[in-house]
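>>> sequence first, predicted coordinates after that:
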Amino acid sequence: MADPHAVLLLEDHALLRATLVMALRHGGFTVYPAGNISEALALLVDQPAINVVLSEVELGVSALDGFTFAAMATALRAELGFVFLTGRDDLLLSRTARGREIHLVKPCPMTRVEDSIRQLMAPGLARRA
């Protein structure tokens with residue numbers, strides 16, 4: 001049975017990733033954490049229940065960022081929704097949020113992150129179970 005609350009979390013900082021996993025699970029989500037783009041792509045292939053991605057924009061020293069990952073991921077799964085987090089609002093200036101994409105600037109309340117994820121979920125599934 002598919003899990004309508006499945007979220008892929010792409011965050012390269014281990015401590016922040018662990019904190020977000022705990023908070024999202026407390027919020028009722030099933031979380032699949034990834035520390036890099038390779039792990040995240042593998043999870044998308046292995047976990048068809050994932051329907052929303054929560055991703056940091058800057059992913060460490062890699063030349064690839066969260067927006068690049070989104071392009072790769074939507075080539076695999078066009079239906080995915082994306083919530084992008086960044087502490088640098090300047091990274092969002094040249095990017096307009098696309099259809100199933102929400103941009104958040106850190107710090108922001110966890111409730112806002114959760115509400116953004118729910119907003120991108122299939123109609124009727126956006127409320128906490």
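Looks like it came in fine. It should be emphasised that the depicted structure is a prediction, and the values quoted were computed from it without experimental measurement. Residues are numbered from 1 along each chain as shown.
>>> are we agreed that Ala18 is in a strand?
No - under DSSP: H, G, I helix; E, B strand; the rest coil, Ala18 sits outside any strand and is assigned helix.
>>> chain center to the helix or strand of the chain with the lowest mean pLDDT, what's the gap?
Taking mean pLDDT, DSSP states H and E as the measure, the helix or strand of the chain with the lowest value is strand 101-105, at a mean of 89. Strand 101-105 sits 10 Å away from the centroid of its parent chain (C-alpha atoms, centre = their mean, to the nearest Å).
>>> list the neighbouring strands of it plus their orientation.
When pairing is defined by DSSP bridges, strand 101-105 lines up against strand 81-86 (parallel).
>>> what average pLDDT does the strand it pairs with get?
The average pLDDT within strand 81-86 is 91.
>>> starting at the chain centroid, how far to that strand?
Its chain's C-alpha centre and that of strand 81-86 lie 5 Å apart, by C-alpha atoms, centre = their mean.
>>> list the contacts of that strand.
Contacts with strand 81-86, where a contact means C-beta atoms under 8 Å, 6 or more residues apart in numbering, come from 51-58, 66-67, 70, 73, 92, 100-106, 108, 113, 116-117, 120-121. Any C-beta I mention is one placed from the backbone N, CA and C, and that applies to glycine too.
>>> number of nearby residues for Glu58?
Glu58 has 15 neighbours, counted by other C-beta atoms under 10 Å.
>>> quick one: pLDDT of it?
86.
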